[in-house]
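**Student:** here is my input; please provide its structure:
(2 chains)
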Amino acid sequence: SQKIEQNSEALNIQEGKTATLTCNYTNYSPAYLQWYRQDPGRGPVFLLLIRENEKEKRKERLKVTFDTTLKQSLFHITASQPADSATYLCALRNTGNQFYFGTGTSLTVIP
Amino acid sequence: KAGVTQTPRYLIKTRGQQVTLSCSPISGHRSVSWYQQTPGQGLQFLFEYFSETQRNKGNFPGRFSGRQFSNSRSEMNVSTLELGDSALYLCASSFSGTSGRYPDTQYFGPGTRLTVL
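**Tutor:** As a prediction, the model looks like this:
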């Protein structure tokens, strides 16, 4: 069956450290993978997109990697800040043009 | 530009009733998708509309339906509500251009919180 799994439901890290979130998928053929941020009571906000033929993408303190052999994406936030605390969702669009989301990882950055 | 708006923001219904949720996309966006978000299942794709036509559908029963109007505004309807339909319903709009190409980026609204008693 098809599955998108994010490493853990909750992740706590110290301010200034790098947060690493994992997204693993099975039985999908993704055209690309996205990461979103969701704050309580709000809709997800798009952060980064990485295509199947790309290994790495960066945007300011954010970095995404994509390994189609391992069927895994890693999402890094460097120099984390308390304002980065939120739930992070990975999503992939398969070749059928539907979006599938993971259940999310709740990140808490401790001052 | 104004963002995606959804109305109402909160709704309480009882089992067996039906409900209609509304979504106004970002100006110029012609693609609208609907999602259901629950703590156990996460975000699940319901359907997508482009130019008043449904072009993609998720695995939900026929009680869930939608439509899109000529101004790109969209509604979704759930008939014969069940307790399990309690969820946050999110609408996302995307710019698909005039060709209707599948978009890369979705812009989500704040959602409608539906509670079924």
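**Student:** run the chain-centre distance for stretch B:59-74.
**Tutor:** Relative to its parent chain, stretch B:59-74 has a centroid offset of 7 Å by CA atoms, centre = their mean, to the nearest Å.
**Student:** and stretch B:108-117, by the same measure?
**Tutor:** For stretch B:108-117, the distance to the chain centre is 10 Å (CA atoms, centre = their mean).
**Student:** chain B: strands as residue ranges?
**Tutor:** With DSSP state E applied, chain B shows strands at B:5-7, B:10-13, B:19-24, B:31-38, B:42-50, B:53-57, B:64-68, B:74-78, B:87-94, B:107-108, B:112-116, listed in chain order.
**Student:** now the ones you listed in a markdown table, with mean neighbour count?
**Tutor:** Every residue, glycine included, has its C-beta placed from N, CA and C. Below are those laid out as a markdown table (neighbours: other CB atoms under 10 Å in any protein chain shown):
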| stretch | mean neighbour count |
| --- | --- |
| strand B:5-7 | 16 |
| strand B:10-13 | 13 |
| strand B:19-24 | 19 |
| strand B:31-38 | 23 |
| strand B:42-50 | 22 |
| strand B:53-57 | 14 |
| strand B:64-68 | 19 |
| strand B:74-78 | 21 |
| strand B:87-94 | 24 |
| strand B:107-108 | 22 |
| strand B:112-116 | 18 |
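**Student:** which ones are touching B:Phe47?
**Tutor:** B:Phe47 sits next to B:Ser33, B:Trp34, B:Gln54, B:Asn56, B:Lys57, B:Gly58, B:Phe60, B:Phe64, B:Gly66, B:Met76 when contact means CB atoms under 8 Å, 6 or more residues apart in numbering or on different chains.
**Student:** out of these, which one sits closest to A:Arg61?
**Tutor:** Checking the contacts of B:Phe47 against A:Arg61 with CB to CB, the nearest one is B:Ser33 at 28.7 Å.
**Student:** wait, that closest one touches B:Glu48, no?
**Tutor:** Yes - between B:Ser33 and B:Glu48 there is a contact under CB atoms under 8 Å: 4.3 Å.
**Student:** between these two, which contacts overlap?
**Tutor:** Common neighbours of B:Ser33 and B:Glu48, using CB under 8 Å, 6+ apart, are B:Asn56.
**Student:** what's the lowest-pLDDT member of the contacts of B:Phe47?
**Tutor:** In terms of pLDDT, B:Asn56 ranks lowest among the contacts of B:Phe47, with 86.
**Student:** contacting residues for the closest residue to it other than its chain neighbours?
**Tutor:** Distances taken as CB to CB, 6 or more residues apart in numbering or on different chains place B:Glu48 nearest to B:Asn56, at 4.1 Å, with adjacent residues excluded. Residues in contact with B:Glu48, defined by CB under 8 Å, 6+ apart, are A:Gln98, B:Ser31, B:Val32, B:Ser33, B:Trp34, B:Gln54, B:Arg55, B:Asn56, B:Lys57.
**Student:** and the first one, how close does it get to A:Leu92?
**Tutor:** Applying CB to CB, to the nearest Å, one obtains 9 Å for the distance of A:Gln98 from A:Leu92.
**Student:** below-threshold pLDDT in the chain: ranges please.
**Tutor:** Looking at chain A here, since you left the chain open. The model of chain A has pLDDT under 70 over residues A:1.
**Student:** that was the other one, I meant chain B.
**Tutor:** Ranges of chain B meeting pLDDT under 70: B:1, B:96-103.
**Student:** understood, closing this out.
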